[in-house]
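In: need a structure here:
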Amino acid sequence: MDGSLDDDDFLEAFETVGIRAGGFGHEEHVRAAFLHLTRERDFGLAAVRFRAALRRFASAHGAAGKYHETLTWAYLALINERAQGTRFASSMEFVERHPELLDQKTGILSRYYDVGAVARSPRARELFLLPHPRGDGSGA
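Out: Residues are numbered from 1 along each chain as shown. Got it, this is the predicted structure:
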């Protein structure tokens, strides 16, 4: 997806599974999460709504097995932390101002997790895992 949809149209397309699977990469995940988190100020409610929409989207595209619980919740927390207290004209502006959220391997999440290990972990896929308490960050 090229970001040509405004936030309202983008969010509706995401929630109604109107975006093709190949047009929904990591940047679009961040945009959709940002929109859920900023339109519903209660983090818990917004996170649960985003999670349900993401699972529905993945399932509708035959990719239910791609959903990852730990990565979803970890990114939701990071996005929420950056979204609160600052105004953004759009989700695209948010993404542009927070490129650390877009690098899935060495970006902000790698400060807390061994992202590769977590991504491969069947347990982390099914259950939200906190970063490893001994500091190795694997979370797996």
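In: show me the helices in the protein, by range?
Out: Listed in chain order, the helices of the chain (DSSP state H) span 7-15, 26-39, 43-60, 69-83, 91-97, 115-120, 122-126.
In: winner for burial among the ones you listed?
Out: helix 26-39 (a mean of 21; mean count of other CB atoms under 10 Å). No exception for glycine: its C-beta is placed from N, CA and C like everyone else's.
In: low pLDDT regions in this structure?
Out: 1-3, 133-140 (pLDDT under 70).
In: next up, the contacts around residue 71.
Out: The neighbours of residue 71, taking CB atoms under 8 Å, 6 or more residues apart in numbering as the test, are 109, 115, 118-119, 124.
In: let's have the helices of the chain in CSV, adding distance to residue 105.
Out: Formatted as CSV, these follow (distance: least, CB to CB, whole Å):
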stretch, distance to residue 105
helix 7-15, 24
helix 26-39, 11
helix 43-60, 21
helix 69-83, 12
helix 91-97, 17
helix 115-120, 6
helix 122-126, 16
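In: which of those sits closest to residue 132?
Out: Closest of the helices of the chain to residue 132 is helix 115-120, at 9.2 Å (criterion: CB to CB).
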